[in-house]
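Novice: Okay, here's the prediction I keep looking at, along with the sequence it came from:
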Amino acid sequence: RIALGRLVEARAIRRAARFDLAPTVTAGGGYSKERFAAVDSPTGGPFNARFYDAGFDAFWELDLFGRVRRNVEAQSAEVQGAEASLRDAQVSVTAEVARTYFELRGAQAQLAVA
């Protein structure tokens, strides 16, 4: 389970690193309503004002020196290492189960002879 958890974590980190290759886009908006008293109003009477705000930004980091690409490659290597660790754990568990099975069969054979 630990090896599988490490593999899932490594894949998530690699996926996050790949997002650095794409542009970042943000958008926002807002609305506010204010009521001014007659004293503060330019018209001399009560005054209601509504304010709207909208914004949009896009940002894309150019990977001129390959920092982002190398980071993605490093994370891919981490994923490969985690996959190898998972396979190693699977082989170890399989070998342990086989060893225990053969010990059981040997004990059963000794009991049959006795």
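Specialist: Received it, and whenever you're ready, just let me know what you need.

Novice: can you confirm Gly5 is in a helix?
Specialist: Yes. Assessed with DSSP: H, G, I helix; E, B strand; the rest coil, Gly5 lies in a helix.

Novice: okay, Ala16: pLDDT?
Specialist: Note for Ala16: predicted pLDDT of 88.

Novice: Tell me how many other residues crowd it.
Specialist: When neighbours are counted by other C-beta atoms under 10 Å, Ala16 registers 12. Backbone N, C-alpha and C define where each C-beta goes, glycine included.

Novice: Ala49 versus that one, what's the distance?
Specialist: Plainly put, Ala16 is 43 Å away from Ala49 if you go by C-beta to C-beta, to the nearest Å.

Novice: Secondary structure element holding the spatially closest residue to Ala49 that is not a sequence neighbour?
Specialist: What sits nearest to Ala49 in space, not counting adjacent residues and going by C-beta to C-beta, 6 or more residues apart in numbering, is Glu34, at 4.9 Å. Assigning secondary structure by DSSP states H and E places Glu34 in strand 24-36.

Novice: residues making contact with the helix or strand following that strand?
Specialist: Per DSSP H and E, the first helix or strand lying C-terminal to strand 24-36 is strand 47-59. With C-beta atoms under 8 Å, 6 or more residues apart in numbering as the test, strand 47-59 has contacts from 23-36, 38, 40-41.

Novice: Direction included, what does strand 47-59 pair against?
Specialist: Strand pairing for strand 47-59, determined by DSSP bridges: strand 24-36 (antiparallel).

Novice: model confidence over the partner strand, on average?
Specialist: Mean predicted confidence for strand 24-36 is 89.

Novice: Just the C-alpha atoms of it, please, in CSV.
Specialist: Taking Å, rounded to 0.1, in the frame of the first residue of the first chain, the C-alpha atoms of strand 24-36 are listed here in CSV:
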residue,chain,number,x,y,z
THR,A,24,-2.2,30.5,-16.6
VAL,A,25,-5.6,32.2,-17.0
THR,A,26,-7.5,34.1,-14.3
ALA,A,27,-10.7,35.9,-14.4
GLY,A,28,-12.6,37.8,-11.8
GLY,A,29,-15.5,40.1,-11.3
GLY,A,30,-17.3,42.1,-8.7
TYR,A,31,-20.4,44.1,-8.0
SER,A,32,-21.1,46.6,-5.3
LYS,A,33,-24.0,48.9,-4.5
GLU,A,34,-23.7,52.1,-2.4
ARG,A,35,-26.2,54.5,-1.1
PHE,A,36,-25.2,58.0,-0.4
